[in-house]
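Engineer: Here is a sequence with its predicted model. Questions after.
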Amino acid sequence: MTDRAPYRLIRSRAAASEFHARTVPEPAPCEIWHHEVTAPALVLGSSQSEAVVDTAACASAGVEVVRRRSGGGAVLLVPGEVTWIDVIVPARSPGWSDDVHGPMLWLGRHLVAAMAELCDEPLAVHDGAMQTTSWSSMICFDGLGAGEVTMAGRKLVGISQRRTRLAARLQCCWYSAYRPTELLALLDAAVRPPAHALGPVATVPSEIAEALPSALLDRLR
């Protein structure tokens, strides 16, 4: 395998449910899917119980509840406040590894290198065991997994993975605005954590957040 692959950047705009329903073609392409959500969505991890959701609050706020096929906790996607990409890593291509953590570390390192060209903040890739908290199984950005990126010690990029024998689909996002109270208001009051119990999350200016997919592409093509 070479160090680089001919990646393409594919942009789309639709509801979060439509993007999560998209399947990886066969044979799997080397692509970055940059998706802009058209409406707010509360996205649950593949094995997360729907019992954590306050369905009435979601309906009142006009928030779609969606389940992704990759793991982790809940993520709130708000138009104009989050940048969401999926990176498709075909089996045996650069970035692929039989170790499930390998593609995530590969992507995290490329994201850090791309981000370093856009800002001067201290960045790091988490390369170790999953760091959990009392709430990380419920709130995705309260934990820290392999390949995820921190800025000045605060989580900036979350990554989850949907994996088959043909490809790894790495789903990741970062924020230009992050208000945990809005996410918590959509969860059942009996189980949601207090806002002060959650760890800090880093954000970047919207112009940097939106420039990062193209900067990542420049490193991969």
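Structural biologist: Arrived safely.
Engineer: Helices of this protein, residue ranges please.
Structural biologist: Applying DSSP state H to the chain gives helices spanning 16-21, 55-61, 102-116, 180-184, 206-220.
Engineer: Quick check: nearest residue in space to the one residue sitting closest to the centre of the chain, chain neighbours excluded?
Structural biologist: Nearest to the geometric centre of the chain sits Cys172, at 2.2 Å (Cα atoms, centre = their mean). Setting aside the residues directly before and after it, Cys172 is nearest to Ile159 in space (Cβ to Cβ, 6 or more residues apart in numbering), at 4.3 Å. All C-beta atoms are positioned from the backbone trio N, CA, C, and that covers glycine.
Engineer: Quick one: list the elements packing against the helix or strand bottoming out on mean pLDDT in the chain.
Structural biologist: None of the helices or strands of the chain scores lower by mean pLDDT, DSSP states H and E than helix 16-21, at a mean of 93. With contacts defined as 3 or more Cβ pairs under 8 Å, 6 or more residues apart in numbering; DSSP states H and E, the packing partners of helix 16-21 are strand 31-37, strand 41-44, strand 64-67.
Engineer: one more time with 7 Å
Structural biologist: Applying 3 or more Cβ pairs under 7 Å, 6 or more residues apart in numbering; DSSP states H and E, one finds that helix 16-21 contacts strand 64-67.
Engineer: quick one: buried residues of the strand it packs on?
Structural biologist: Glu64, Val65, Val66 (16 or more other Cβ atoms under 10 Å).
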